[in-house]
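1. Let me see the structure of the following:
(one chain, ligands or ions: 2)
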Amino acid sequence: MALKARVARGVRRPVIPAELAHRVPPGQVIASRWPVLHQGNVPPFDPATWDFRMWGLVDAATSWSWAQWQSLPTVTVDADLHCVTRWSSLGHTWTGVSGRVLCDLTQVRPSARFVVLHGEGGYSANLAIEHFLDWQVVLATYHDGEPLTPEHGAPLRAVIPDRYAWKSVKWLRGVEFLADDRPGLWESFGYSSSADPWREERFEPE
Ligand SMILES: Nc1nc2c(c(=O)[nH]1)N[C@H]1C(S)=C(S)[C@@H](COP(=O)(O)O)O[C@H]1N2
Ligand SMILES: [Mo]
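-> Residues are numbered from 1 along each chain as shown. Ligands and ions are numbered 1, 2, ... in the order given. A predicted model of the protein is given here:
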């Protein structure tokens, strides 16, 4: 008993520097190195067969080859990652195609209210369309000016700032537009559809 109490008193709360506090959502700690976190293995990438598709409630369903994808305009956005397992990794710069630009290109219909991001091998995450249309959403091929590495989602990953990072689908292969919400992989196990880390929306309310 006495020993336990001593140990408990020795536990230090992680310190969040004051100048970063506004970037760390409630219940999170700052990761010192950028963690790698995903289900399963890193999928192989073959530029000859890779494609990216946008389908569902769109007037111009489109698929791009890897070569075609290179001709799309890019944006560069700073965004932190907040994992629901309670680490936040701060200070990332992402370059890629803006979600909004893609929605314009594919002429998303007004009836589309939700999107499902589809990763390689069956991983998926759902979002309300307004969160996909956030100006900061980028389908990234570069991180801090360098090509993405395979373990962080190369050749293409979604970056959805201000949502828990399980929505930032790595090895992204497509986006589907829907009228009604449909849970992605983690959401089908009870994780939140909206997933706002600033409101600690970790799980869907019962
Ligand atoms: N395809 C795919 N994307 C994924 C995951 C995954 O398991 N598969 N995990 C998500 C989770 S839970 C997190 S926290 C982030 C981690 O991104 P990082 O490994 O680049 O830090 O990737 C997200 N994207
Ligand atoms: Mo995560």
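2. drop to CA atoms for contacts and neighbour counts, all remaining ones
-> OK.
3. check which helix or strand covers residue 95.
-> strand 93-98 (DSSP states H and E).
4. ok, now residue 53?
-> strand 51-56.
5. how about the residues of the chain near ligand 1?
-> Residues of the chain lying near ligand 1 by C-alpha under 6 Å from any ligand atom: 34-39, 83, 119, 123, 152, 165-166, 168-171.
6. circling back to that earlier point, just the mean pLDDT for the strand holding residue 53, thanks.
-> What strand 51-56 shows for mean pLDDT is 98.
7. Flag every buried residue along it.
-> 51-52, 54-56 (16 or more other C-alpha atoms under 10 Å).
8. show me the contacts for residue 185.
-> Residue 185 makes contact with 123-125 under the criterion C-alpha atoms under 8 Å, 6 or more residues apart in numbering.
9. sorry, that was for residue 105
-> residue 60.
10. what does residue 171 give?
-> Taking C-alpha under 8 Å, 6+ apart, we find residue 171 in contact with 43, 119-120, 153-157.
11. just how off-centre is stretch 176-192 within its chain?
-> 14 Å (C-alpha atoms, centre = their mean, to the nearest Å).
12. List the backbone torsions phi and psi for residue 69.
-> Per-residue torsions, residue 69: phi -60, psi -30 (degrees, to the nearest 10).
13. Distance of it relative to residue 83?
-> 28 Å (C-alpha to C-alpha, to the nearest Å).
14. same question, residue 189
-> Counting by C-alpha to C-alpha - residue 189 and residue 83 are separated by 16 Å.
15. just residue 74 next, same as before
-> Going from residue 74 to residue 83 by C-alpha to C-alpha gives 26 Å.
16. In terms of neighbours, single out the busier of those two.
-> When residue 74 and residue 83 are compared for neighbours, residue 83 comes out ahead with 21 against 17, by other C-alpha atoms under 10 Å.
17. what's the closest non-adjacent residue to the more buried one?
-> residue 165 (5.0 Å; C-alpha to C-alpha, 6 or more residues apart in numbering).
18. my guess is the one you found meets residue 81, correct?
-> Yes - taking C-alpha atoms under 8 Å as the definition, residue 165 is a contact partner of residue 81 at 5.7 Å.
19. So which residues of this structure form helices?
-> Ranges of helices within the chain are 2-10, 66-69, 99-105, 129-132, based on DSSP state H.
20. Now do the buried residues in the third one.
-> Using 16+ other C-alpha under 10 Å as the burial criterion, the residues of helix 99-105 that qualify are 99-103.
21. Would you reformat those residues as TSV and include pLDDT?
-> Formatted as TSV, the buried residues of helix 99-105 follow (pLDDT from 0 to 100):
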residue	pLDDT
99	98
100	97
101	97
102	97
103	97
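22. Smallest gap between the protein and ligand 2, at which residue?
-> In the chain, the residue that lies nearest ligand 2 is residue 83 (3.8 Å; C-alpha to the ion).
23. What separation do you get for that residue and residue 111?
-> Note on residue 83: its distance to residue 111, by C-alpha to C-alpha, is 31 Å.
24. For the most centrally placed residue in the chain, give me the pLDDT.
-> Centroid-nearest residue in the chain: residue 168, 1.0 Å away (criterion: C-alpha atoms, centre = their mean). Per-residue pLDDT puts residue 168 at 98.
25. Thank you kindly, that will do.
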